[in-house]
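Trainee: the amino acid sequence is not available; the structure is as follows:
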């Protein structure tokens, strides 16, 4: 018996080491670091307890970043969901060229973020971008729109992000759609259900589990998204109008060179996501169990 | 079934393997030692010149060494450098931005290089650069080359209007108003945070009698009279820029100047010439149409000031081969090598040696000959003290150990952008920035005021 237990622990050891080394240790170290006033690169540090957290509670920049981050995550998530579900429903139908289209729709998701952002920045550039050229040619606008300027930068960022990430929703949702028994639709049709009714009473209940996971994952990923936001406007003058919490945490660590502050922001984000996930589970998961 | 391995054969293989491993260090010891050199001149022709001149000569002189040069952009260099210092393995020799040097010097990370400076000719090095890295009576750096910045203007358009080069900010606003017509804007600023939030505000302060901090107490001066006037000027100037300038980059502004969308590029150096020669209409690619324009001064200042682009070479206390790094620099500045280096991007890489700036061998370069008025503007600016290192509001800023952090924090950038793009009132934004800057300096342990 003891021999079996030992063998079991030995088999588990690699996984435990990996989880401990790659997940638990960094989280614990980050937590520890957040209690210090520590320079990002120089070996200079001082224990300050919860001072970093207290500072952010009264820091307007933090609350700005929280606001922009929440708006960005919420809006991109909603549009990814709408677009992704619509595209998945379309690609679940039988039509000529469906296989090709299923491949093409993945394209934005598989190209590197840097390529996606450069592409959109080029398209949206107000001096030589294609979007303004087409809008001007069609007479929709009289002067080029400053898509990358203060008033439109959030819109441009959302547009780029939705384009880049909606294929994830398509693939995940489509996979579930393909497993819904066709008999359910046949029965509903026999009962005289319209397309909309079939979607509402067959498709949605059948896919609610996957929608639950999609919303959860995409919300977390968009709230912690750094690369797209940084590449779109991180070093430009208008960065302050799209400065989300991950960007602010990066700035604190690597441009203010205050690693302790950056770590505290990461812990705060972690806590926020944990709390939001907990509430989300309580609100929707329980409801599903009851039904 | 594979043939069985006899014990004797197994032992023999083991001994052979062990011998090979034991010899490995000796073999490794014979490999050339690597001298790591990082710099910020990323133009391919410059990289090639360094490789073909200084590096080739160094490797010939020191056969046991191999020089590995890495050309990095500013931002990349700063981040990579600080990370390498933290890891205890910085390059042997590197470019540094002058505004970072004080910070590294106060942490005891730089080696003095007085002997090298004397060997190069202390009196021949231009005053605009000589003492930028001079602390406690010792030199800790030497500038690789100088490149002045200024407005680049469509001289012909200004002259057609009969307007003289602006002396003051008020003159500049009048000129900007006159040149904004027929869908063309007077000027465009670069939208990068580094320029609009650090380089230009430093210039505005310098040319309006202000400074980043109080020289004695180091208390930030972001809501001082000099800065408030500068913000008002910037807000007014903003009316004459294309709406989307804040989303455009420095190089976009040069293209906009060359193709006639704007009449002035706010930030320009001799690199602009390349854009003019490539994109400006035929018949206009000359100094008759495109000229540098030195900055005007503010109501509280006396003389316009702009940034002098010129990183310095530095050798770290942690450098693995410091002596060889200094030897490399001697070869780098050797006249025939240095001349080729400076000619790789003419005028932008102007020599730091006074004797060379007027040397016929230097001036014989074709591009310098064609664009000589641009060189002359720089010389006149140098003579009249109209340049300061990037990010400096006064010459003594070289001792401030927190300029890199102030730049990185984006505090100044936020203030300027809110005023220029957001249309907010300068006073409110300046007060907000002042409060943030005071907090930052306190956190950095640089607070000297009570």
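Mentor: It's in. Just so you know, these numbers come straight off a predicted model, no measurement behind them. Residues are numbered from 1 along each chain as shown, chains lettered A, B, ... in the order given.
Trainee: and the residue most central in space within chain B, what does it touch?
Mentor: Nearest residue to the geometric centre of chain B (CA atoms, centre = their mean): residue B:309, 4.1 Å. By CB atoms under 8 Å, 6 or more residues apart in numbering or on different chains, the contact set of residue B:309 is B:146-149, B:269, B:348, B:390. The C-beta positions use only the backbone N, C-alpha and C, and glycine is treated the same way.
Trainee: cutoff 6 Å now
Mentor: Contact partners of residue B:309, counting by CB atoms under 6 Å, 6 or more residues apart in numbering or on different chains, are residue B:147.
Trainee: so it bridges to which residues?
Mentor: residue B:147 (DSSP bridges).
Trainee: who in the stretch 201-350 of chain B is up against chain A?
Mentor: Proximity of the stretch 201-350 of chain B to chain A, by CB under 6 Å from any CB of the partner chain, involves residues B:243-244, B:246-247.
Trainee: in the chain, which spans are strands?
Mentor: In the absence of a named chain, chain A is used. Secondary structure of chain A (DSSP state E): strands at A:36-38, A:45-47.
Trainee: chain B is the one I meant
Mentor: Using DSSP E, the strands of chain B run over B:33-39, B:65-71, B:93-96, B:134-135, B:138-139, B:142-143, B:147-148, B:150-154, B:185-188, B:262-268, B:290-293, B:306-309, B:312-314, B:387-389.
Trainee: and of these, who's closest to residue B:353?
Mentor: Proximity to residue B:353 (CB to CB) singles out strand B:142-143 among the strands of chain B, at 10.5 Å.
Trainee: hmm, who's touching that closest one?
Mentor: Strand B:142-143 has contacts (CB under 6 Å, 6+ apart) with B:129, B:310, B:312-313, B:352.
Trainee: how much space separates residue B:40 from residue B:117?
Mentor: Taking CB to CB, to the nearest Å as the measure, residue B:40 falls 21 Å from residue B:117.
Trainee: poorly predicted segments of the stretch 51-200 of chain A, please.
Mentor: Scanning the stretch 51-200 of chain A for pLDDT under 70 picks out no residues.
Trainee: for it, what lies in contact range of chain B?
Mentor: Contact residues, the stretch 51-200 of chain A versus chain B (CB under 6 Å from any CB): A:126, A:146, A:148-150.
Trainee: what about the residue lying closest to residue A:244 once chain neighbours are set aside, neighbour count?
Mentor: Nearest residue to residue A:244, sequence neighbours excluded (CB to CB, 6 or more residues apart in numbering or on different chains): residue A:69, at 3.6 Å. Look at residue A:69: counted by other CB atoms under 10 Å in any protein chain shown, it has 24 neighbours.
Trainee: repeat that for the one 5 residues further on.
Mentor: The burial metric for residue A:74, expressed as a neighbour count using other CB under 10 Å, is 13.
Trainee: which residues touch it?
Mentor: If a contact means CB under 6 Å, 6+ apart, then residue A:74 has no contacts.
Trainee: tell me the spacing between it and residue A:229.
Mentor: Residue A:74 sits 14 Å away from residue A:229, going by CB to CB.
Trainee: and the residue lying closest to residue B:265 once chain neighbours are set aside, how many neighbours?
Mentor: Spatial nearest neighbour of residue B:265, excluding adjacent residues (CB to CB, 6+ apart): residue B:257 at 4.2 Å. Counted with other CB under 10 Å, the neighbours of residue B:257 add up to 27.
Trainee: is it true that residue B:277 touches residue B:285?
Mentor: Yes. If you go by CB atoms under 6 Å, residue B:277 and residue B:285 touch, sitting 5.3 Å apart.
Trainee: return the residues in contact with residue B:70.
Mentor: residue B:38.
Trainee: so what's it bridging to?
Mentor: In this entry, residue B:70 is beta-bridged to residue B:38, by DSSP bridges.
Trainee: and which of the contacts of strand B:142-143 is nearest to chain A?
Mentor: Of all those, residue B:312 has the smallest distance to chain A: 19.6 Å, by CB to the nearest CB.
Trainee: and the pLDDT at the closest one?
Mentor: Predicted confidence (pLDDT) at residue B:312: the value is 94.
Trainee: not counting residues beside it along the chain, what's closest to it?
Mentor: Using CB to CB, 6+ apart, the closest residue to residue B:312 is residue B:141 (3.4 Å).
Trainee: for burial, what's the neighbour tally of the one you found?
Mentor: Residue B:141: 28 neighbours (other CB under 10 Å).
Trainee: where's it relative to residue B:93, distance?
Mentor: With the distance defined as CB to CB, residue B:141 ends up 11 Å from residue B:93.
Trainee: rewinding a little: buried subset of the residues of the stretch 51-200 of chain A next to chain B?
Mentor: Those of those that meet the buried threshold are A:126, A:146, A:148-150, by 16 or more other CB atoms under 10 Å in any protein chain shown.
Trainee: from the chain's centre, how far out does stretch A:189-207 sit?
Mentor: 30 Å (CA atoms, centre = their mean, to the nearest Å).
Trainee: measure residue A:145 to residue B:189 for me?
Mentor: Residue A:145 sits 19 Å away from residue B:189, going by CB to CB.
Trainee: who's more crowded, the two?
Mentor: Ranked by neighbour count (other CB under 10 Å), residue A:145 and residue B:189 place residue B:189 first, with 25 against 21.
Trainee: residue A:18 - how many residues pack around it?
Mentor: Counted with other CB under 10 Å, residues neighbouring residue A:18 total 10.
Trainee: next, the contact list for the nearest residue to residue B:101 once chain neighbours are set aside, please.
Mentor: The shortest distance from residue B:101 to any non-neighbouring residue, by CB to CB, 6+ apart, is to residue B:133 (5.0 Å). Applying CB under 6 Å, 6+ apart, we find residue B:133 in contact with B:101, B:140-141, B:312.
Trainee: next one: residue B:293
Mentor: Neighbours of residue B:293 in contact, by CB under 6 Å, 6+ apart: B:150-151, B:153, B:165.
Trainee: ok, longest helix in chain A?
Mentor: Ranked by residue count under DSSP state H, the longest helix found in chain A is helix A:60-91.
Trainee: re earlier: what would the buried ones among the residues of the stretch 51-200 of chain A next to chain B look like in JSON lines with distance to residue A:277?
Mentor: Converted to JSON lines, these look like this (distance: CB to CB, whole Å):
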{"residue": "A:126", "distance to residue A:277": "40"}
{"residue": "A:146", "distance to residue A:277": "38"}
{"residue": "A:148", "distance to residue A:277": "34"}
{"residue": "A:149", "distance to residue A:277": "36"}
{"residue": "A:150", "distance to residue A:277": "33"}
